[in-house]
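In: Take this sequence and fold it.
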Amino acid sequence: MSESLKHVEIQQPLLNSIPAHLVPHFEPTYVQYYNKYSAGRLATHQVPIESYRADPLKYTIAYGRDRVPDEGVKMTDQKCPVDGGEITVRVYERDSDSDSASGRSSTPAQAPRPVYINYHGGGWVFGGLPTDFDFCKRIVRALDCVVFDVDYRLSPEYKYPIPVDDCVTALHWIRTHKKDEFNLDLNRVAVGGCSAGGHLSAVVAHICRDAGIPLALQILSVPVTDLHVFSREGSIRPDQPYPSYKDLADTQPLPLERMEYFHKAFLGSPRPEHLENDWKVSPILAPNFTGLAPALVLTAEMDVLRDEGEAYGAKMKEAGCEVDLIRFKGAPHTFMQLDGELNSSPLPSMFDH
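Out: Numbering: from 1, shown residues only. The predicted structure follows:
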């Protein structure tokens, strides 16, 4: 005879759950998504880096993306030489054979094609070519440009400045060695990325301006722009200027403790003293904001990085740069990866124009 089951109240919240006081401020579909797939699981920064490197898919949640078909998109992996080795750059372009078979039109073969260079997110520690796989295909299908997705080397094995240097090297390699191979229009080059990728894109934009390299657009999505909010030891400074770090310290999926982890992994702990005023660590400290490429800056209301991203956009505007600064209400840090779930995802509207 079976016994009736007793109802038991859970006294403690699940590991990595969204705090109750923040739940009403998130888009409801995200709360449902997060509770289903993430709450109760270890986050990637909570497992040994060796375990993650051995089996990254075990710790990576891919649900929530609006999958983009491979049809019509040609992908090739190429090796870009960098200091001390080489990195992979995945090239996405319109598949002309597929276009011909389906009757779709594309940019005339003789016309040079615009370029988008993508730097993935993941706190300079996680992520890789799978991170923005669907996003890169979406850009090719919607805009008929050539996309280069840069698989820069990751921290903590390769600390700053190596990830930054890899991204800059890849830009020069594309311009110097891939122009003729892919029929690129070097006057129509854009860079972009999410989170750490937004940081890398912002740094690259400054370097392009200083070197006289034309850049048509920079897309900075939930960017890290100020790592000097942390002490050299890696804890948040009590005098840091951004309310979102205080108000959203326990938000998900990027709480303060995760950003502290990324700071230590990327820069070391303690952070080397010579990095104290390095603007490539914190682009908001750059000495000159005039003449930067037009920028699209996207921030998420429920993200600890919200205020520093908006402060960076404001600083570009004050310097006379063309900036579209958009905050997405109720959105989490990862909203660009959740276009299959969230009403707040910007991707559909971005590609309607």
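
In: mind pulling up the phi and psi values for P112?
Out: With angles defined as degrees, to the nearest 10, P112 sits at phi -60, psi 140.

In: measure it to C145 for me?
Out: Distance of P112 to C145, given as CB to CB, to the nearest Å: 11 Å. Just so you know, the C-beta spots here come from the backbone N, C-alpha and C atoms, and that holds for glycine as well.

In: Overlap in contacts, those two.
Out: Residues touching both P112 and C145 (CB atoms under 8 Å, 6 or more residues apart in numbering) are R188.

In: which non-adjacent residue is nearest S269?
Out: What sits nearest to S269 in space, not counting adjacent residues and going by CB to CB, 6 or more residues apart in numbering, is G234, at 4.8 Å.

In: quick one, phi psi at the spatially closest residue to L215 that is not a sequence neighbour?
Out: Spatial nearest neighbour of L215, excluding adjacent residues (CB to CB, 6+ apart): A293 at 3.8 Å. Main-chain torsions, A293, degrees, to the nearest 10: phi -60, psi 150.

In: which residues sit in contact with A293?
Out: Contact analysis of A293 by CB under 8 Å, 6+ apart lists A190, A205, C208, R209, L215, A216, L217, Q218, C321.

In: picking that back up, didn't the residue nearest to S269 look like it was pressed against A265?
Out: No: the criterion here is CB atoms under 8 Å, and G234 misses it with A265 at 9.3 Å.

In: So for these two, which residue has more residues nearby?
Out: A265 (22 against 19; other CB atoms under 10 Å).

In: gap between the two ends of stretch 272-281?
Out: 11 Å (CA to CA, to the nearest Å).

In: what's the spacing between that stretch and its chain's center?
Out: On the basis of CA atoms, centre = their mean, to the nearest Å, stretch 272-281 sits 22 Å off its chain's mean C-alpha point.

In: same deal with stretch 233-243?
Out: On CA atoms, centre = their mean, the centre of stretch 233-243 falls 22 Å from that of its chain.

In: Buried ones in it, by neighbour count?
Out: For stretch 233-243, a neighbour-count test (16 or more other CB atoms under 10 Å) marks G234, I236, Q240, Y242 as buried.

In: Next, the contact list for the second one, please.
Out: Residues touching I236, when contacts are defined by CB under 8 Å, 6+ apart, comprise V229, F230, Y245, A249, L256, E260.

In: hmm, 6 Å instead?
Out: Applying CB atoms under 6 Å, 6 or more residues apart in numbering, we find I236 in contact with F230.

In: pretty sure L184 is in contact with V115, am I right?
Out: Yes: counting by CB atoms under 6 Å, L184 does reach V115; the two are 5.2 Å apart.

In: ok, these two, which is more surrounded?
Out: For the pair L184 and V115, the greater number of neighbours falls to V115 (24 against 20), based on other CB under 10 Å.

In: So which elements touch the strand or helix carrying L296?
Out: Assigned by DSSP states H and E, L296 belongs to strand 295-300. Applying 3 or more CB pairs under 6 Å, 6 or more residues apart in numbering; DSSP states H and E, we find strand 295-300 packed against strand 217-221, helix 306-318, strand 323-328.

In: Let me know the average pLDDT across that strand.
Out: The average pLDDT for strand 295-300 rounds to 98.

In: That strand: how far from the chain's middle?
Out: Its chain's C-alpha centre and that of strand 295-300 lie 11 Å apart, by CA atoms, centre = their mean.

In: From H228, how far off is the nearest residue to G193 once chain neighbours are set aside?
Out: In this structure, G193 finds its nearest non-sequential neighbour in Y119, 3.7 Å apart by CB to CB, 6+ apart. Distance of Y119 to H228, given as CB to CB: 21 Å.
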